[in-house]
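Trainee: A predicted structure for the sequence below; I have some questions about it.
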Amino acid sequence: MGEPLIPMTTFAATVHRRRVVDDAVWIYASSSAAVLRLDAVADAVLGAFLDGPKTVDAALAVAAAAPGAAGIPNADLATTLRELVGLGLVRPLGESAPPAPTVPPMPYPLTTLVVNVTNACNLSCTYCYEYGEDRLADRERTDGTARRSTMTVETARESVDFLFANSEGRPEITVTFFGGETLLNWTVIEAAVAHAETRAKAEGRKVNFSLTTNATLLTDAIIDFLVDHTFGINISIDGAAEDHDRHRKFKSGEGSYELILPKIRRLLEKNRARRGRPIGARVTLTRGTKDVRGLFRHLTEEIGFDEVGLAPVTAAKDRDWAFEPSDYHLLVDAFGALADDYVEAASAGRHHGFSNLSDLLRELHTGTNKAHPCGAGLGLLGVSTEGDLGLCHRFVESGEHEIGSISEGIDSEKRAAFLDAGHISKRIDCHGCFARPVCSGGCYHEAYVRTGDASAPNLHACDWIRAWTDIGLSSYARIMAKNPAWFDRHEVST
Ligand code: SF4
Ligand code: SF4
């Protein structure tokens, strides 16, 4: 039953989001990151605090007058209030919120190393941060000499050794190959995989591999290798020819869709035949993308991708292709339509493949409560072609954000300072936001490009992030009501 309530103590509701979905009331409690279904009485008692803090007596009087609590004895309303206090949804005024999760003790073991095997690319995509004005990396070292644009086999092997040495206690680790176009430096990938597998075998650990590619250089031999080594594969593709070729072009200006389509089909076919890991399409959405649902269906139903992840382009404002706050309703409509399709499929026990929603549902279902927006600098680091360490792949070679090198190790002071500055407790603007547990201020790279400060919250995107979280909450409630067993599935449970 909990502590007795003192009638004249003033209580207040904590930050939460209330959604009514198919006549049921669902609450997302920011302090605990729990998603709860409330009955009418609990909803009436919580609702008593909507317009501000109240004493227990005043709150129970307001609750008793609400239709949902009509005829409920005061003692039962008081019990409900105690339960809401226990759930962290109501708290004595002035009592501080439970401390946010703190920065974990250092050195924090890595789980993932993103290895930039090359900075070169055979495409020249309009929006690419690697070549555009939003690139953070310095092409030259501090002494004015040019940096290597491709990684050597030796540096790749040392990167693998660095990951093994800095992931103590992790039974499973991941090497992610990134670029530029990763396949331009294929021999280095093969060598790194062989080395990592030897190390993993010797240490009785598991090493996973993943890679992002524009698919232009896929050959049968490369496909066989990727499938044999159970790579997690993401293909950068922006939809059918019209959407894809608008930005994903060769330097000649020619689009790349026609070249990549047969290669992707072969990859999907071989991967399916050997029951490999799901292969994802990674779509960069720009302001010019019109039919997102059509694009999704093209990639899944016509081409056969297992999953599609949509990422609104990251760019400084004023770029032609960048979304501005006034455009976010376009994203909300598009993501909402795909979420409806997802809910329909999940309710019937069918896979859908909208990976953004699978990710969000997993976070809601498992009660993810982020102290940092992502793993950058925490369990994940990026390594440059020359072996310098960055917070993630987007920060490598950016002098200001370099945090050591694979040969000299992690600069633990810089790492700790960055993690401290990026911690949710420092992002005061986010403290009253219901989406805080899943957002925690958003991508450091985007913040840096927008504001010049990697630890600033991405306040330009709040409307979008909150609307997307709402879509996730409604989808969660609808699937939970129709097919709760869906949440036992691997894609949304771990
Ligand atoms: S950046 Fe905006 S949406 Fe994200 S937690 Fe902060 S206030 Fe909320
Ligand atoms: S900082 Fe941004 S780009 Fe880097 S890992 Fe985090 S979310 Fe991804």
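Mentor: Now that the structure is in, tell me what you want to look at. Note that the structure is predicted; figures quoted are calculated from it, not measured. Numbering: from 1, shown residues only. Ligands and ions are numbered 1, 2, ... in the order given.
Trainee: grab the nearest non-local neighbour of whatever residue of the stretch 1-150 of the chain ends up closest to ligand 1.
Mentor: With CB to the nearest ligand atom as the measure, Ser30 is the residue of the stretch 1-150 of the chain nearest to ligand 1, at 9.3 Å. (C-beta placed from N, C-alpha, C; glycine too.) Nearest residue to Ser30, sequence neighbours excluded (CB to CB, 6 or more residues apart in numbering): Val15, at 4.1 Å.
Trainee: confidence score at that neighbour?
Mentor: With respect to pLDDT, Val15 scores 95.
Trainee: and for Arg82?
Mentor: pLDDT, Arg82: 95.
Trainee: and the helices in the stretch 301-450 of the chain?
Mentor: 328-347, 355-366, 412-421, 436-439, 444-451 (DSSP state H, counting those that start in this stretch).
Trainee: which one of those lies nearest to ligand 1?
Mentor: helix 436-439 (3.3 Å).
Trainee: quickly check: the closest one near ligand 1 or not.
Mentor: Yes. Counting by CB under 6 Å from any ligand atom, ligand 1 is contacted by helix 436-439 at 436, 439.
Trainee: any idea how far that helix is from the chain center?
Mentor: How far helix 436-439 lies from its chain's middle: 10 Å, per CA atoms, centre = their mean, to the nearest Å.
Trainee: and that helix, which residues are buried?
Mentor: Using 16 or more other CB atoms under 10 Å as the test for burial, helix 436-439 gives 436-439.
Trainee: same deal with stretch 108-117?
Mentor: 108, 110-117.
Trainee: out of those, which are inside strands?
Mentor: Counting by DSSP state E, those place 112-116 in strands.
Trainee: re the thing from before, hmm, Cys430 and the residue of the stretch 1-150 of the chain closest to ligand 1 touching each other?
Mentor: No. Contact criterion CB atoms under 8 Å: Ser30 and Cys430 do not qualify, at 9.7 Å.
Trainee: pull up the overlap in contacts between these two.
Mentor: Arg436 (CB atoms under 8 Å, 6 or more residues apart in numbering).
Trainee: distance of Thr219 relative to ligand 2?
Mentor: Separation of Thr219 from ligand 2 (CB to the nearest ligand atom, to the nearest Å): 29 Å.
Trainee: tell me who's in contact with that residue.
Mentor: Lys263.
Trainee: for Thr469, same thing?
Mentor: Thr469 neighbours (CB under 8 Å, 6+ apart): 17, 28, 360, 434-435, 438-439.
Trainee: got any ranges where the stretch 201-350 of the chain has weak pLDDT?
Mentor: Applying pLDDT under 70 to the stretch 201-350 of the chain flags residues 314-319.
Trainee: just confirm Val20 is within a helix.
Mentor: No. Under DSSP: H, G, I helix; E, B strand; the rest coil, Val20 sits outside any helix and is assigned strand.
Trainee: how about it: which residues does it bridge to?
Mentor: Val25 (DSSP bridges).
Trainee: rewinding a little: for the helices of the stretch 301-450 of the chain, which one ends up most surrounded?
Mentor: Among these, helix 436-439 has the highest mean neighbour count (mean count of other CB atoms under 10 Å), at a mean of 23.
Trainee: before we move on, back to that, hmm, which of the buried residues of stretch 108-117 is lowest in pLDDT?
Mentor: pLDDT is lowest at Tyr108 among the buried residues of stretch 108-117; the value there is 90.
Trainee: name the nearest residue to that residue, sequence neighbours excluded.
Mentor: Distances taken as CB to CB, 6+ apart put Leu378 closest to Tyr108, at 5.9 Å, once the chain neighbours are dropped.
Trainee: residues in contact with that neighbour?
Mentor: So Leu378 contacts 104, 108, 372, 419 (CB under 8 Å, 6+ apart).
Trainee: of all pairs in those, which one is the farthest apart?
Mentor: Tyr108 and His372 (10.9 Å; CB to CB).
Trainee: one step back: any idea how far the residue nearest to Ser30 is from Ile27?
Mentor: 11 Å (CB to CB, to the nearest Å).
Trainee: more neighbours: those two, which one.
Mentor: Taking neighbours as other CB atoms under 10 Å, Val15 and Ile27 compare with Ile27 leading, 22 against 17.
Trainee: hang on, the more buried one is in a strand, isn't it?
Mentor: Yes. Under three-state DSSP, Ile27 falls within a strand.
Trainee: now it: closest residue in space, sequence neighbours ignored.
Mentor: For Ile27, the spatially nearest residue (CB to CB, 6+ apart) is Leu36, at 4.8 Å.
Trainee: hmm, back to that, relative to ligand 2, which of the helices of the stretch 301-450 of the chain is closest?
Mentor: Nearest of the helices of the stretch 301-450 of the chain (CB to the nearest ligand atom): helix 444-451, 3.9 Å.
Trainee: with only the CA atoms kept, save that closest one in PDB.
Mentor: The C-alpha coordinates for helix 444-451 follow below in PDB (Å, rounded to 0.1, in the frame of the first residue of the first chain):
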ATOM      1  CA  TYR A 444      25.900  15.300 -31.800                       C
ATOM      2  CA  HIS A 445      27.000  15.700 -35.400                       C
ATOM      3  CA  GLU A 446      23.700  17.300 -36.400                       C
ATOM      4  CA  ALA A 447      24.000  19.600 -33.400                       C
ATOM      5  CA  TYR A 448      27.500  20.600 -34.300                       C
ATOM      6  CA  VAL A 449      26.600  21.300 -38.000                       C
ATOM      7  CA  ARG A 450      23.600  23.400 -36.900                       C
ATOM      8  CA  THR A 451      25.000  25.200 -33.900                       C
END
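Trainee: next to ligand 1, which bits of the stretch 351-494 of the chain? Give me the list.
Mentor: 429-430, 433, 435-436, 439-442, 457-459, 462, 465-466.
Trainee: for those, which one is nearest ligand 2?
Mentor: Taking CB to the nearest ligand atom as the measure, Gly442 is the one of these closest to ligand 2, at 7.5 Å.
Trainee: quick check: that closest one touching Trp464?
Mentor: No. Using CB under 8 Å, Gly442 makes no contact with Trp464, being 9.9 Å away.
Trainee: for the residue nearest to Leu5 when sequence neighbours are not counted, what are its contacts?
Mentor: Once flanking residues are discounted, Leu5 sits nearest to Val56: 4.8 Å by CB to CB, 6+ apart. The contact partners of Val56, taken as CB under 8 Å, 6+ apart, are 5-9, 11, 78, 81.
Trainee: export the residues you listed to CSV and tack on neighbour count?
Mentor: As requested, those are arranged in CSV below (neighbours: other CB atoms under 10 Å):
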residue, neighbour count
Leu5, 20
Ile6, 11
Pro7, 12
Met8, 9
Thr9, 13
Phe11, 22
Ala78, 20
Leu81, 24
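Trainee: quick one, helices of the stretch 151-300 of the chain?
Mentor: Ranges of helices in the stretch 151-300 of the chain, per DSSP H, counting those that start in this stretch, are 153-165, 186-203, 220-228, 241-247, 257-273, 292-297.
Trainee: dump the ones you listed into CSV; add mean neighbour count and distance to Phe49 as well.
Mentor: Below are the helices of the stretch 151-300 of the chain laid out as CSV (neighbours: other CB atoms under 10 Å; distance: least, CB to CB, whole Å):
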stretch, mean neighbour count, distance to Phe49
helix 153-165, 20, 49
helix 186-203, 17, 53
helix 220-228, 16, 55
helix 241-247, 19, 47
helix 257-273, 17, 53
helix 292-297, 19, 39
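Trainee: picking up where we left off before, ok, the residue nearest to Ile27 to Ala48 distance?
Mentor: Leu36 sits 17 Å away from Ala48, going by CB to CB.
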